[in-house]
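**Student:** Next comes the sequence, and after it the predicted model I'd like to discuss.
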Amino acid sequence: MVTKLVHPKRPAANSQQSKVSAAKTATVQTSQSNTASDVIIDVRNLVKTFGTFEAVKNISFQVKRGQIFAFLGPNGAGKSTTIKMLTTLLDPTSGSLTVDGLDVVANQSAVRNLFGIVFQDPSLDDELTAYENMDFHGALYGLEQSMRKPRIEYLLKFVDLWDRQGDLVKTFSGGMKRRLEIARGLLHHPHILYLDEPTLGLDPQTRNNMWEHIKKLNETEKMTVFFTTHYMEEAQRVADIVAVIDHGKILTMGTPKELMTQTKTANLEEAFLKLTGTKLRTEEAASGMRQMARMWGRR
Amino acid sequence: MAMTHARQTMEVIYVMWLRQLKRYWRSRARMIGSLGQPILFLVAFGFGFGSIYAKAGGGNYIDFLAPGIICMSVLFTAMFGGIELIWDRQFGFLKETLVAPISRLTIMIGRTLGGATVAALQGVVIFLITLCIGFRPTNWWLLPLALVGLLLIALIFTALGTAIASKLDDMQAFPIVMNFLIMPTFFLSGALFPLDTSPKVLQWIADINPLAYGVDLVRGSLTSVWHYGFGLSFIVLIAVTAASIALGSWLFTKIKL
């Protein structure tokens, strides 16, 4: 089963680029040469099955260094399964996954050092303070104390939580927790930041503020950002490249502009609905998968 | 910038351990709540059955009961400490540790040491309380040995709790584990009654109950009354500790999210 791939062979469309910084433009231009080091995430013929259920059906895509890459799809499309495989939480059934030149399955530990992740659900310890959560993360990633302290201070200031560093996380609002998680995900200088529905349940102010932070990081630290979201206007606004996945297959991939042109629609939300249909989805697929996974006891 | 692998492993074990202690220390309600049951048992059984026990020629029941209740509190705290993993899974923190570039074995060891330390400390607190209600160890010099016993019990049941929590992923499992595992382990361990004079069936059950050996080691060192004896208790406890840590580690490394 070969998936339909719309690779951005040409440099990204211009209207999109106008919003992007000079640094980013440089990245997009060099991407024409398509050298190996340009591609940071390389997914080829990736398959994941749970028992008889095929969650991810032979997908291939590449993410270039410094890109903001949106991975879109309805519930149960295979987004989370793919992210789990990219982040070593799940082993692929077949296919290859390469991050920064390293095979994800063979070099688990090294790959884990390369990315930061903000999960769909919070993953902080509520009984610890913001600082302690950060410090704990620093220990897990083997950062020297002398390096850790200034980095934590820098990041907590970056997400406007330095004043609350000594407070228990359970006293934080949803938005503050998200910001703390982003700061934590950046602590070990990752090359890639994975964000699995990072803005879910946040008010527009917080969402806007969060994306500003992420874009700033993407520009200043040339960090690749890979995210999933259900807010299409968000993807349209911030993503360089969008991939649409449904029923375990990538339907299309390109700049938001390209997707709109391709589907003859005015915005990404309409393009998305045209591609994936308007039929309602349930979480059935996802929970069915989890059950299968449990039943078969596979990673 | 990055530390050596060995140092990183040590630090992760340390922070995991410290985290368990901090969580315990900060949760005052849990601390106080966990003292309630042992005190209730001490008072209700100790004073309730005390006169009958004495009449039957058993001597001072508090002296017999106190080590059993100390072990009980360690059992409960350790088991809950291990099962707390379900919370970490529910509230997401588990994921943070599982995507880190560190082996799951390291995480499991740190967790278990932390949970076991908390449980053993809980045992010490109950020991101090038993002193207040009249318990007196016959031999103070063997107190460190009793402490070793508490620590082994703590390690066994924290690791078992972790093993169980690795396989169960919802809170519903809690009362089941409580009623079908912790309670029988406690009641059939000889913590409340002397095994020497109990029916053979109860003795057989106790023989396959690790807590029975733990209770024996603690009671033996504190009151010089032994059932299995020091050698057997100690060897069995060491063996079961190793086995349960191995089991817990194995199941922990197989956790799926």
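**Tutor:** Thanks, I have it.
**Student:** all helices of the chain, in order?
**Tutor:** I went with chain A, as the question did not name one. A:14-19, A:22-30, A:79-86, A:108-114, A:130-140, A:145-158, A:174-186, A:204-220, A:232-238, A:256-263, A:268-276, A:284-296 (DSSP state H).
**Student:** that's the other chain; I wanted chain B
**Tutor:** B:5-26, B:28-41, B:48-55, B:61-83, B:85-90, B:93-98, B:104-132, B:143-167, B:173-177, B:183-187, B:200-207, B:210-223, B:230-253.
**Student:** sorry, back to before: kindly reformat the helices of chain A as a markdown table containing mean neighbour count, distance to B:Ala119 and mean pLDDT.
**Tutor:** The C-beta positions use only the backbone N, C-alpha and C, and glycine is treated the same way. Listed next are the helices of chain A as a markdown table, based on neighbours: other CB atoms under 10 Å in any protein chain shown; distance: least, CB to CB, whole Å; pLDDT from 0 to 100:
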| stretch | mean neighbour count | distance to B:Ala119 | mean pLDDT |
| --- | --- | --- | --- |
| helix A:14-19 | 12 | 57 | 41 |
| helix A:22-30 | 15 | 53 | 41 |
| helix A:79-86 | 24 | 34 | 92 |
| helix A:108-114 | 18 | 31 | 92 |
| helix A:130-140 | 24 | 22 | 96 |
| helix A:145-158 | 16 | 29 | 93 |
| helix A:174-186 | 22 | 29 | 92 |
| helix A:204-220 | 16 | 41 | 87 |
| helix A:232-238 | 19 | 47 | 92 |
| helix A:256-263 | 19 | 55 | 92 |
| helix A:268-276 | 19 | 52 | 89 |
| helix A:284-296 | 15 | 30 | 52 |
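**Student:** For B:Thr117, which of the ones you listed is the nearest?
**Tutor:** Nearest to B:Thr117 among those is helix A:130-140 (17.4 Å), distances taken as CB to CB.
**Student:** ok, that closest one near chain B or not?
**Tutor:** Yes: using CB under 8 Å from any CB of the partner chain, we find that helix A:130-140 touches chain B at A:Glu132, A:Asp135, A:Phe136, A:His137, A:Ala139, A:Leu140.
**Student:** Which one of the residues you listed is nearest to A:Ala266?
**Tutor:** A:His137 (42.3 Å).
**Student:** Can you tell me how far the nearest residue to B:Phe45 once chain neighbours are set aside is from A:Gly277?
**Tutor:** Leaving aside its sequence neighbours, B:Phe45 sits nearest to B:Leu65 (CB to CB, 6 or more residues apart in numbering or on different chains; 5.9 Å). Distance, B:Leu65 to A:Gly277, by CB to CB, to the nearest Å: 69 Å.
**Student:** What of A:Gln62?
**Tutor:** A:Gln62 is 27 Å from A:Gly277, by CB to CB.
**Student:** Which of the two has more residues huddled nearby?
**Tutor:** Neighbour comparison, A:Gln62 and A:Gly277: the larger count goes to A:Gln62, with 21 against 11 (by other CB atoms under 10 Å in any protein chain shown).
**Student:** Skip the chain neighbours and tell me the closest residue to B:Ile133.
**Tutor:** B:Leu42 (6.2 Å).
**Student:** pretty sure the one you found is touching B:Ala66, no?
**Tutor:** Yes: judged on CB atoms under 8 Å, B:Leu42 makes contact with B:Ala66 at a distance of 7.1 Å.
**Student:** residues bridging contact with the two, i.e. touching both?
**Tutor:** B:Thr130 (CB atoms under 8 Å, 6 or more residues apart in numbering or on different chains).
**Student:** Between the two, point out the one with more neighbours.
**Tutor:** B:Ala66 (28 against 25).
**Student:** Identify the residues contacting that one.
**Tutor:** So B:Ala66 contacts B:Leu42, B:Gly46, B:Phe127, B:Thr130, B:Phe135, B:Leu222 (CB under 8 Å, 6+ apart).
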